[in-house]
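Peer 1: here's my sequence, what's the structure:
(one chain, ligands or ions: 1)
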Amino acid sequence: MKESDVVVIGGGPGGYVCAIRAGQLGLKTILVEKDQLGGICVATGCIPSKALISAAKLYDRAKGGAAIGIVADGLRVDLPALQRWKAGVVSTLQNGIATLCRGNKVEVIHGEAELVSQSQVRVRTGGSTEEIKTKNVVIATGSRPITLPGFEFDGKLVLSSTEALALEKVPESMLVIGGGYIGLEICGVYQKLGTKVIVVELTDQLLPGTETDLVRLVQRNLEKRGAKIYLKSKVASIEKDAKGSRVKARVSTPDGEVALEASTVLVSVGRGPSADGMDLSKLGIETDPKGYIITDEQMKTNLPGVYAIGDVRGQPLLAHKASKEGIVAAEVIAGKNNAADWKSVPWAIFTDPEIAGVGLTEAAATHVGIQVKKSRFSFAALGRALTAGEPEGFVRIVSDANNGLVLGVQIVGPEASDLISEAALAIEMGATVEDIALTIHPHPTLPEALMEAAEAAAGTPIHQVKL
Ligand SMILES: Cc1cc2nc3c(=O)[nH]c(=O)nc-3n(C[C@H](O)[C@H](O)[C@H](O)COP(=O)(O)OP(=O)(O)OC[C@H]3O[C@@H](n4cnc5c(N)ncnc54)[C@H](O)[C@@H]3O)c2cc1C
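Peer 2: Numbers count the residues shown, from 1 in each chain. Sure, this is the predicted structure:
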């Protein structure tokens, strides 16, 4: 029987990062992946979606370029070519991960792992089975889309995000069930490429859980481009036509039932834990009511020697959170005193405009009894945003009114996903608004918006009138 210090099950951003760190620390490490190295993130999640978003944005900007003197005659979308480019990006990253594993002495086994006990993993590879004796196991098996009865994915008309990201033809129309970030990112792509978009969302706003004033701009943009959005609404049923080329849907809305039609349906109603091959209840591994594995801050489950990281461990389902947890698990296994002690996890939604946040919102800070100060700066007043032709949105800083400590930052606007890192660093380092205000930011750049919002909070605004 093969022996190892640690077997990592699942090669996503949680698992492969964990395996690399474990290898670096001298642990004999085996990484088992049943599908593709890089996991959902690289194959069918973060990376392909962002590749399509970048391409759609480029097309959209070129199409509207005449306003700034760029005339692109004969512009068209070659979706199969775009998909080939996207696939190239994905495989470059997957190959990179394989190289990094080799370089860090991580043995990668392509097969499906079954956790037999805390010290034994069985791997099915093709027709054969291999048993591994191990001192530690890290479960990093990720998540999968939630399916709704009556709305099962068929890969042609009724799609999950995976199929929607791989279309070879721009759909005439797309009915999106669920107005969360995955649905909105994907329909935003196809809308820019010419698809008519309809979004049906159960709650009273798109991107549930995100502050309303951040979401408003995204909704306005979708609608300006012709999207029909039904809030507090539910798709009661869908029916495919005889040719299998269109779907009819009945939607209950606050104003009564509506009949809709579309050439594709994207079902994006959330994701849940994926723990195939792990008979968690038989092994006695504790999960929460939704099935996510419960761990302590060192990623240890209740079963000694078994750790869980990433999406399978629960919210927030984000690649960078999975990777950090992977590092914690590897270092704890190697005997280091690490734990999930970060102050906050930044998040980004790649809609148009982008939304990003880190730390506490005003409501959350107030809820825990902090007296907060809010300050903001609009991109409409920022040189770089105007020169980029993206003047919509703002940066908001939530700080402690008593000592200026930065508690949270929310951004809606151009490159919000990039801008949020400075805010994350500020929170992690315990910076005050004055620290950000006193830091010289290069001009003209988008991060100046954060400096301007910080100046406003510190009582020293230059490019907005002091209230
Ligand atoms: C469309 C979409 C867009 C997204 N965009 C973003 C984004 O912009 N930013 C962001 O931070 N997050 C994004 N996410 C979420 C992100 O992809 C996940 O949070 C991240 O992939 C979680 O990493 P993980 O390692 O926990 O799991 P996964 O990436 O899901 O990897 C788990 C791996 O385990 C393997 N596996 C499962 N069971 C077994 C078994 N028994 N044996 C062997 N292997 C097994 C699977 O094949 C898979 O490769 C997006 C997700 C989707 C679907």
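Peer 1: tell me if the longest strand seen in the chain is near the ligand.
Peer 2: If you go by DSSP state E, the chain has its longest strand at strand 128-139. No: using Cβ under 6 Å from any ligand atom, we find that strand 128-139 stays clear of the ligand, coming within 8.6 Å at best. For the C-beta atoms, the positions are set from N, CA and C on the backbone; glycine is no exception.
Peer 1: list the helices and strands that strand packs on?
Peer 2: Strand 128-139 sits against strand 2-9, strand 112-117, strand 120-125, strand 306-308, helix 319-333, with contacts defined as 3 or more Cβ pairs under 8 Å, 6 or more residues apart in numbering; DSSP states H and E.
Peer 1: is residue 340 in a helix, a strand, or coil?
Peer 2: coil (DSSP: H, G, I helix; E, B strand; the rest coil).
Peer 1: residue 391 - that's part of a helix, no?
Peer 2: No: assessed with three-state DSSP, residue 391 is coil; it does not lie in a helix.
Peer 1: count of residues packed around the nearest residue to residue 300 once chain neighbours are set aside?
Peer 2: Counting by Cβ to Cβ, 6 or more residues apart in numbering, residue 300 lies nearest to residue 307, which is 5.8 Å off, once chain neighbours are set aside. Residues near residue 307, counting by other Cβ atoms under 10 Å, number 28.
Peer 1: contacting residues around residue 307?
Peer 2: Counting by Cβ atoms under 8 Å, 6 or more residues apart in numbering, residue 307 touches 136-139, 295, 298-301, 329, 332-333.
Peer 1: that older thread, Throw the helices and strands packed on strand 128-139 into JSON lines and include mean pLDDT, thanks.
Peer 2: As requested, the helices and strands packed on strand 128-139 are arranged in JSON lines below (pLDDT from 0 to 100):
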{"stretch": "strand 2-9", "mean pLDDT": "98"}
{"stretch": "strand 112-117", "mean pLDDT": "96"}
{"stretch": "strand 120-125", "mean pLDDT": "96"}
{"stretch": "strand 306-308", "mean pLDDT": "98"}
{"stretch": "helix 319-333", "mean pLDDT": "98"}
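Peer 1: I'd like those as CSV, with distance to residue 43 appended.
Peer 2: Formatted as CSV, the helices and strands packed on strand 128-139 follow (distance: least, Cβ to Cβ, whole Å):
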stretch, distance to residue 43
strand 2-9, 17
strand 112-117, 16
strand 120-125, 19
strand 306-308, 21
helix 319-333, 12
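Peer 1: any idea which of the ones you listed is most buried?
Peer 2: Greatest average neighbour count among the helices and strands packed on strand 128-139 goes to strand 306-308 (a mean of 28), per mean count of other Cβ atoms under 10 Å.
Peer 1: look up how far the ligand lies from the residue nearest to residue 300.
Peer 2: Distance check for residue 307 against the ligand: by Cβ to the nearest ligand atom, to the nearest Å, it reads 12 Å.
Peer 1: for that residue, list each beta-bridge partner.
Peer 2: In this entry, residue 307 is beta-bridged to residue 138, residue 300, by DSSP bridges.
Peer 1: what about the residue in the stretch 151-300 of the chain that the ligand sits nearest to, which SS state?
Peer 2: Residue of the stretch 151-300 of the chain nearest the ligand, by Cβ to the nearest ligand atom: residue 277 (3.2 Å). Following three-state DSSP, the label given to residue 277 is coil.
Peer 1: and for it, nearest residue in space, chain neighbours not counted?
Peer 2: Nearest non-adjacent residue to residue 277, counting by Cβ to Cβ, 6+ apart: residue 114, 4.4 Å away.
Peer 1: what does residue 308 give?
Peer 2: In space, residue 308 is closest to residue 293, 3.8 Å off (Cβ to Cβ, 6+ apart).
Peer 1: tally of neighbours for that neighbour?
Peer 2: Using other Cβ under 10 Å, residue 293 has 26 neighbouring residues.
Peer 1: so it sits against residue 309, correct?
Peer 2: No: contact criterion Cβ atoms under 8 Å: residue 293 and residue 309 do not qualify, at 9.1 Å.
Peer 1: would you confirm that residue 55 contacts residue 83?
Peer 2: No: using Cβ under 8 Å, residue 55 is not in contact with residue 83; the gap is 9.7 Å.
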